[in-house]
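> Structure of the sequence below:
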Amino acid sequence: MRETWCVEQTWRNLAMAHWCADPGAVMRHIPPGLELDLFDGCAYVSAVVFSVDPFRLRGLPPIPGMRRFWQMNLRTYVRRGEKPGVWFLRLETDRVWPARLGKLAYALPFEPADMAAMENGNRLAIGVVSQAGGGPALSLGFQRAGGRMPWYEPAPHSVEAWLLNRDVLYARALGAVFETRVVHRPWIIQPAVARTGDASLLRLYGCDSQPAMAHSAEARTAHIGWPRPVRRLSHSPASCSLAR
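Numbering: from 1, shown residues only. Alright, predicted model coming up:
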């Protein structure tokens, strides 16, 4: 990676579920300066679940106490001009220091949560409950294909490529939009089956009751850069853009 990076994470046990969502409901959570990105007229909200092992800052060894923790990212898809990216609606982890670093250094919406993850062969179950009283929750069960199906790189122009091939994270702080580059090898995935239990965390975004699709993915080591303010666009984009 030629750009300067400051954080390295290795993501393991990756599982992803993707819901069709109400564009109007999702747009209420997108700040000015970003467009909601659509695929065939559909907005998507995704839950990406993984374990981090290890986590380190550039030039330092892995940090004690920050190995093998679980994280769930609830995200949607946006653009700024011609640059597609990811907007995090919510990030959950039960470890204090990754959450504080993400919130302070990257302005990411980490929330305190109680999380439990259970693995049994190709099965992965995860439950997330906000620590706020009566807060929203999400429980997901994944059945990964394992050796029964081949792994593959998403085909160009497919919905899988549209969902996954984004290397910019957007955030908003101090009235400005910031972008952060995340670089890793291309995704290699296979289909999975996901079922939702408690889905109160998804109701804010008008999501369908069950995911439209799900995937598991090979482990990846990611280099995460410094956030930097984006340049002003020469025009004001519409609130939505339409892929395809």
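
> Count the neighbours of residue 55 for me.
Look at residue 55: counted by other CB atoms under 10 Å, it has 21 neighbours. No exception for glycine: its C-beta is placed from N, CA and C like everyone else's.

> Adjacent strands (with direction) for the longest strand seen in the chain?
As assigned by DSSP state E, the longest strand anywhere in the chain is strand 5-21. Paired strands of strand 5-21, with direction, are strand 43-57 (antiparallel), strand 213-217 (antiparallel), strand 220-225 (antiparallel) (DSSP bridges).

> Mind putting these into TSV with distance to residue 175 and mean pLDDT?
Output for the strands paired with strand 5-21, formatted as TSV (distance: least, CB to CB, whole Å; pLDDT from 0 to 100):
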stretch	distance to residue 175	mean pLDDT
strand 43-57	25	92
strand 213-217	35	97
strand 220-225	22	96
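
> The closest residue to residue 91 other than its chain neighbours and residue 47: what is the separation?
Counting by CB to CB, 6 or more residues apart in numbering, residue 91 lies nearest to residue 110, which is 4.7 Å off, once chain neighbours are set aside. Distance of residue 110 to residue 47, computed by CB to CB, to the nearest Å: 15 Å.

> where's the residue nearest the centre of the chain, which helix or strand?
Central residue of the chain (CA atoms, centre = their mean): residue 73, 4.2 Å from the mean position. Assigned by DSSP states H and E, residue 73 falls within strand 69-80.

> Next, the angle from that strand to strand 5-21.
80 degrees (axes from the mean of the first three to the mean of the last three CA atoms, to 10 degrees).

> From the contact counts, what lies against strand 69-80?
If you count contacts as 3 or more CB pairs under 8 Å, 6 or more residues apart in numbering; DSSP states H and E, strand 69-80 packs onto strand 35-39, strand 43-57, strand 83-93, strand 110-120, strand 123-130.

> Dump the C-alpha coordinates for the longest one into PDB.
These are the backbone C-alpha positions of strand 43-57, laid out as PDB (Å, rounded to 0.1, in the frame of the first residue of the first chain):
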ATOM      1  CA  ALA A  43     -31.100   0.400  -0.900                       C
ATOM      2  CA  TYR A  44     -29.100  -2.100   1.200                       C
ATOM      3  CA  VAL A  45     -28.200  -2.400   4.800                       C
ATOM      4  CA  SER A  46     -25.600  -5.000   5.700                       C
ATOM      5  CA  ALA A  47     -24.400  -6.600   8.900                       C
ATOM      6  CA  VAL A  48     -20.800  -7.700   8.700                       C
ATOM      7  CA  VAL A  49     -19.600  -9.900  11.500                       C
ATOM      8  CA  PHE A  50     -16.000 -10.900  12.100                       C
ATOM      9  CA  SER A  51     -13.400 -11.500  14.800                       C
ATOM     10  CA  VAL A  52     -10.200  -9.300  14.900                       C
ATOM     11  CA  ASP A  53      -7.000 -11.200  15.500                       C
ATOM     12  CA  PRO A  54      -4.700  -9.400  15.700                       C
ATOM     13  CA  PHE A  55      -5.000  -5.600  15.900                       C
ATOM     14  CA  ARG A  56      -1.900  -3.400  15.800                       C
ATOM     15  CA  LEU A  57      -0.800   0.100  15.200                       C
END
